[in-house]
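>>> Sequence below, structure please.
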Amino acid sequence: MEITVWSGWLAGLAIGLFVILHFWLIGKPAGCSTGYGNVCGYLCKKMSYYHTGEYSQRNNSKLWFLIGIPLGGLLSALGSPEPWHWSFDMGMYDEILPQSSAAKAIWLIFGGMLLGFGARLAGACTTGHALVGGAMMNPPSLLAGAVFFMSAFITTHLLFDL
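Purely as a prediction, here's the structure:
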């Protein structure tokens, strides 16, 4: 099966245009960590932490942005000429992840929880900092983006001995 990918410059241009269009239409920067907080608030109704500020809004645009991410992936898969199926095939990560589907699911859920914690700790997700904050030349966002990429670089080298 041959996979067609966008060239880097075209994908970067599309992401940049999306960030501008989102801000122009919504009036707020793109990002999905607040939407993640909304979902946590719905699931953890007794935790007051998720019921303040933007997290307390029922119709938060970032919640819809968060919902749109998997829906966009699903539409892309449905529009693909190749048949698709649910899979835990993780490519090169299969070398370091456990082999059973249940164990992989636990690791992925744990990783998602760490991602959410880190986004809350940093004040925004990777999208909010690296794409939007970087485009606005926001110094804390530039620093956060540099930390994200450096952490990914070091982690990849530690895991795969590249």
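>>> I'd like the distance between residue 113 and residue 98.
17 Å (C-beta to C-beta, to the nearest Å). (Glycine included, C-beta is placed from N, CA and C.)
>>> Please apply the same query to residue 104.
On the measure of C-beta to C-beta, residue 104 and residue 98 end up 6 Å apart.
>>> which of those two has more neighbours?
Set residue 104 next to residue 98 and count neighbours by other C-beta atoms under 10 Å: residue 104 wins out with 17 against 12.
>>> Quick check, pLDDT for residue 50.
On pLDDT, residue 50 comes in at 56.
>>> now the helices for this structure?
8-26, 33-43, 61-78, 101-122, 126, 134-135, 139-160 (DSSP state H).
>>> need the ones you listed in JSON lines with distance to residue 93, can you?
JSON lines is the format used below for these (distance: least, C-beta to C-beta, whole Å):
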{"stretch": "helix 8-26", "distance to residue 93": "22"}
{"stretch": "helix 33-43", "distance to residue 93": "22"}
{"stretch": "helix 61-78", "distance to residue 93": "18"}
{"stretch": "helix 101-122", "distance to residue 93": "9"}
{"stretch": "helix 126", "distance to residue 93": "18"}
{"stretch": "helix 134-135", "distance to residue 93": "26"}
{"stretch": "helix 139-160", "distance to residue 93": "8"}
